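In: mind folding the following:
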Amino acid sequence: MSTPPAYALVATDLDGTLLQRSDTVSLRSRAALARAAAGGARHVVVTGRPVPHVRHLLLELDYRGLAVCGQGAQVYDVDAHAMVSSLTLDRELADVALGKIEAEVGEVFAAVNQDGTDGLMLFEPGYQSPHPALPAVRVSGRAELWAEPINKVLLRHPRLSDDALAAAARGAADGLVTVTMAGPGTVELQPLGVTKAAGLALAADCLDVRPADTIAFGDMPNDIPMFHWAGHGVAMANAHPELKAVADEITASNEDDGVATVLEALFA
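Out: Numbers count the residues shown, from 1 in each chain. The predicted structure is shown next:
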């Protein structure tokens with residue numbers, strides 16, 4: 001049997017992939033990432049969370065270098081606490097896209113992530129977060145969501161499933177925004193063309209790493225562009241069927257240290 005290839009870049013999603021319950025990274029996964037680093041690989045987090053909602057996790061991991069956040073809209077230099085790149089969603093366009101989506105499916109409830117390293121998360125009335133532990137500010141009406149520059153809009157529907165809402169949003173807002181499904185209860189609108197792959201490509205270029213030398217781990221449809229870009233895509237056992245369908249490999253679940261299982265074999 002041939003020896004597994006080594007990779008210069010290990011790209012990991014967080015929620016449902018590297019993170020276990022209560023936003024923790026297991027000791028086994030930490031050891032596997034350290035082993036990969038000792039073997040010459042760089043670790044890049046590629047997450048839908050914006051910088052303010054991921055910075056504490058990166059500090060706990062003693063993470064260094066670049067992280068891709070906000071579904072690819074942000075490339076963040078952890079050491080410098082500064083953005084390498086940060087793309088915003090036009091707020092008038094976002095409002096138009098929401099109107100088109102509501103014309104198709106009825107009322108939706110929205111939230112936004114503001115731009116910047118310290119941007120707030122704002123909830124309009126009726127929006128219920130799938131991650132209630134994350135800090136947020138509830139505003140009195142939708143107009144207040146557009147007060148400051150934003151990098152994405154998050155949507156909830158009182159009846160539709162995530163898959164149905166994402167499909168309807170793609171149809172209604174085609175050509176205006178990028179629609180992603182990032183996790184349970186997490187359908188999002190980003191600037192047109194912004195994906196995890198776009199953000200990872202920018203980070204990899206900064207690190208002088210090719211797509212073919214990258215292994216990527218994920219669990220949701222928003223990881224599909226990253227899998228298409230990377231040389232090897234690994235879906236978790238708990239992954240959405242759409243991601244499993246395009247994965248090169250399926251590993252154990254996030255709760256069973258699926259990322260560590262693969263890295264231990266690659267960097268034995």
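In: and residue 10, which of the three is it?
Out: The three-state label given to residue 10 by DSSP: H, G, I helix; E, B strand; the rest coil is strand.
In: isn't it up against residue 40?
Out: No - using CB atoms under 8 Å, residue 10 is not in contact with residue 40; the gap is 10.8 Å. Using the backbone N, CA and C atoms, a C-beta is placed for each residue, glycine as well.
In: those two: which is more packed in?
Out: Taking other CB atoms under 10 Å, residue 10 and residue 40 do not tie; residue 10 has more neighbours (27 against 10).
In: which residues in the stretch 1-150 of the chain form helices?
Out: Here the stretch 1-150 of the chain has its helices, by DSSP state H, counting those that start in this stretch, at 27-38, 55-60, 91-105.
In: give me the buried positions along stretch 61-75.
Out: For stretch 61-75, the neighbour count (16 or more other CB atoms under 10 Å) marks 61, 63, 65-75 as buried.
In: got it, and stretch 205-214?
Out: Per 16+ other CB under 10 Å, stretch 205-214 contains these buried residues: 209, 211, 213, 214.
In: what's in contact with it?
Out: The contact list for stretch 205-214, computed with CB atoms under 8 Å, 6 or more residues apart in numbering, reads 7-11, 42, 44, 65-66, 75, 84, 200-201, 204, 229-232.
In: quick one on the thing from earlier: and of the helices of the stretch 1-150 of the chain, who's closest to residue 183?
Out: helix 55-60 (15.2 Å; CB to CB).
In: give the buried residues for that closest one.
Out: For helix 55-60, by 16+ other CB under 10 Å, it's 55, 57, 58.
In: from residue 233, how far out is the spatially most central residue of the chain?
Out: By CA atoms, centre = their mean, the mean C-alpha position of the chain lies nearest to residue 48, the distance being 2.3 Å. As judged by CB to CB, to the nearest Å, residue 48 and residue 233 stand 17 Å apart.
In: kindly report the same for residue 164.
Out: On the measure of CB to CB, residue 164 and residue 233 end up 25 Å apart.
In: ditto for residue 138
Out: For residue 138 relative to residue 233 (CB to CB), the value is 37 Å.
In: same check on residue 76?
Out: For residue 76, the distance to residue 233 equals 23 Å [CB to CB].
In: those two: who's more crowded?
Out: residue 76 (26 against 23).
In: so the more buried one sits against residue 65, correct?
Out: No - look at residue 76 against residue 65 with CB under 8 Å: they stay out of range, at 9.7 Å.
In: intersection of neighbour lists for these two?
Out: Common neighbours of residue 76 and residue 65 (criterion: CB under 8 Å, 6+ apart): none identified.
In: how many neighbours does residue 107 have?
Out: 8.
In: now it. Nearest residue, chain neighbours left out?
Out: residue 158 (7.4 Å; CB to CB, 6 or more residues apart in numbering).
In: can you tell me how far that neighbour is from residue 170?
Out: Distance, residue 158 to residue 170, by CB to CB: 20 Å.
In: and residue 180, that's in a helix?
Out: No - counting by three-state DSSP, residue 180 is not part of a helix but strand.
In: nearest residue to it in space, please, no chain neighbours.
Out: residue 222 (4.1 Å).
In: the one you found against residue 49, yeah?
Out: No - contact criterion CB under 8 Å: residue 222 and residue 49 do not qualify, at 11.4 Å.
In: neighbour count: those two, which is higher?
Out: Set residue 222 next to residue 49 and count neighbours by other CB under 10 Å: residue 222 wins out with 30 against 24.
In: report the contact partners of that one.
Out: 48, 71, 180, 181, 182, 188, 195, 196.
In: most neighbours among the residues you listed, which one is it?
Out: For the contacts of residue 222, the largest number of neighbours (other CB under 10 Å) sits with residue 196, at 31 neighbours.
In: my read: that one touches residue 71, true?
Out: Yes - assessed by CB under 8 Å, residue 196 is found in contact with residue 71 at 6.1 Å.
In: mind listing the shared neighbours of the two?
Out: In contact with both residue 196 and residue 71: 48, 222, using CB under 8 Å, 6+ apart.
In: more neighbours: which of residue 158 and residue 170?
Out: residue 170 (16 against 11).
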